[in-house]
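Asks: Only the shape, not the letters, is given here:
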């Protein structure tokens with residue numbers, strides 16, 4: 001098959017990492033793959049090679065929605081399948097489906113944010129929609145009225161599959177001033193308002209200075225300066241480490257003790273599934289797909305959103321009880337390494353594409 005993966009920009013987000021992972025997997029399976037983006041460049045663009053990459057904008061206009069010449073390029077390339085990744089790509093999915101009746105256009109639901117009108121309209125025009133969590137699939141059928149037989153659930157795949165055995169990275173811990181008994185809380189992801197890292201700073205500060213803890217926040221984005229200012233205001237700048245964008249966060253998982261997430265909008269958290277696969281128990285506020293990232297109350301604890309006391313109550317035993325932490329970590333590894341296996345998830349997409357193509 002000739003497969004296009006359509007994305008607005010290769011920024012440092014979870015959807016963009018999934019786009020690159022799937023492109024490589026489809027290519028390895030023997031398919032002709034091209035990643036098409038609206039904007040050139042992006043933090044993850046250098047990691048795409050050797051997969052062919054076409055940019056529609058001749059220079060970066062910074063406009064995520066602007067896809068000049070998209071229909072012309074699609075007609076010329078005549079792909080068998082176009083997989084639309086991200087909100088902006090899915091806004092164009094409907095017109096692609098109308099313009100290319102011989103091409104199977106597949107939409108995706110990978111966001112917890114409200115859907116723009118063009119996205120909602122496209123959902124009813126594409127051949128099929130893949131949701132990355134059962135909760136998101138329910139939103140598609142119950143909120144947006146899609147027939148259940150036009151929706152499939154394929155969870156995210158592990159972008160950084162862990163080694164069989166993971167040794168604790170004491171050198172990295174020491175680099176950031178964490179001793180053997182320091183409990184390192186970790187959050188990896190873009191710093192945007194809906195990711196709500198600000199709440200994690202507040203929760204960590206409430207642990208008090210008598211407890212031996214650090215909070216590592218890996219990622220970059222528009223909310224970083226606000227989070228840094230909050231850490232200074234709460235007098236925890238020495239305990240909250242802002243690590244910036246990490247092209248490969250694997251060493252952080254090996255150095256941390258507990259994964260924490262406070263997002264207000266998710267569909268399925270790439271960070272949580274990676275953390276679980278690396279053996280980190282998790283405490284997270286409830287958001288779409290979060291319960292599917294773990295075995296609730298076994299490998300991770302899901303807290304009603306905004307209930308800070310309950311979040312702290314879930315953290316405390318994991319920080320103080322090494323046996324509980326190790327048991328939860330083992331359960332996390334066993335669950336996530338099977339549920340989010342990259343080969344299995346990529347195969348599910350290809351099986352779906354073949355089924356849809358057989359109907360054309």
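Replies: Structure received. Every value quoted in this text rests on a predicted model; they were computed, and no experiment measured them.
Asks: Quickly list the domain ranges of the protein.
Replies: Domain assignment for the chain by automatic domain parsing gives 2-157+341-357, 170-339.
Asks: Of all those, which one is nearest residue 163?
Replies: domain 170-339 (8.8 Å; CB to CB). Any C-beta I mention is one placed from the backbone N, CA and C, and that applies to glycine too.
Asks: Mind putting the domains of the chain into TSV with mean pLDDT?
Replies: Converted to TSV, the domains of the chain look like this (pLDDT from 0 to 100):
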stretch	mean pLDDT
domain 2-157+341-357	96
domain 170-339	96
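Asks: Columns mean neighbour count and distance to residue 163 on top of these, output as JSON lines?
Replies: Below are those laid out as JSON lines (neighbours: other CB atoms under 10 Å; distance: least, CB to CB, whole Å):
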{"stretch": "domain 2-157+341-357", "mean neighbour count": "19", "distance to residue 163": "14"}
{"stretch": "domain 170-339", "mean neighbour count": "19", "distance to residue 163": "9"}
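Asks: who touches residue 345 in this structure?
Replies: Contact analysis of residue 345 by CB atoms under 8 Å, 6 or more residues apart in numbering lists 154, 155, 156, 157.
Asks: my read is it is in a helix, agree?
Replies: Yes - according to DSSP: H, G, I helix; E, B strand; the rest coil, residue 345 belongs to a helix.
Asks: ok, it to residue 79 distance?
Replies: Note on residue 345: its distance to residue 79, by CB to CB, to the nearest Å, is 21 Å.
Asks: do residue 277 as well
Replies: From residue 277 across to residue 79, the span is 32 Å (CB to CB).
Asks: before we move on, what about residue 133?
Replies: From residue 133 across to residue 79, the span is 27 Å (CB to CB).
Asks: next one: residue 106
Replies: 11 Å.
Asks: Then residue 117?
Replies: In this view, residue 117 and residue 79 are 26 Å apart by CB to CB.
Asks: And for the helix or strand hosting residue 198, what's in contact with it?
Replies: Element membership for residue 198 (DSSP states H and E) is helix 197-205. Applying CB under 8 Å, 6+ apart, the contact partners of helix 197-205 are 185, 187, 189, 191, 213, 215, 217, 219, 223, 226-227, 230-231, 234-236, 239-240, 260-262, 285, 308, 311-312, 315.
Asks: tell me the helices in this structure, going along the chain?
Replies: Using DSSP state H, the helices found in the chain span residues 14-28, 70-77, 87-91, 93-99, 117-123, 134-142, 170-175, 197-205, 224-233, 250-255, 270-277, 308-320, 322-339, 342-357.
Asks: pretty sure residue 121 contacts residue 94?
Replies: Yes - assessed by CB atoms under 8 Å, residue 121 is found in contact with residue 94 at 5.4 Å.
Asks: Residue 109 bridge partners, please.
Replies: Residue 109 forms beta bridges with residue 131, as assigned by DSSP bridges.
Asks: wait, isn't it in contact with residue 136?
Replies: Yes - if you go by CB under 8 Å, residue 109 and residue 136 touch, sitting 4.7 Å apart.
Asks: so what sits against both of the two?
Replies: The contact lists of residue 109 and residue 136 share residue 267, where a contact means CB under 8 Å, 6+ apart.
Asks: Now residue 357: closest residue in space, sequence neighbours ignored.
Replies: Closest residue in space to residue 357, ignoring its immediate chain neighbours: residue 104 at 5.7 Å, by CB to CB, 6 or more residues apart in numbering.
Asks: Report the outermost residue of this structure with respect to its centre.
Replies: Within the chain, residue 210 marks the point farthest from the mean C-alpha position, 34.0 Å out by CA atoms, centre = their mean.
Asks: got the contact list for residue 296?
Replies: Going by CB under 8 Å, 6+ apart, residue 296 touches residue 302.
Asks: try residue 160
Replies: By CB under 8 Å, 6+ apart, the neighbours of residue 160 are 248, 249, 250, 253, 274.
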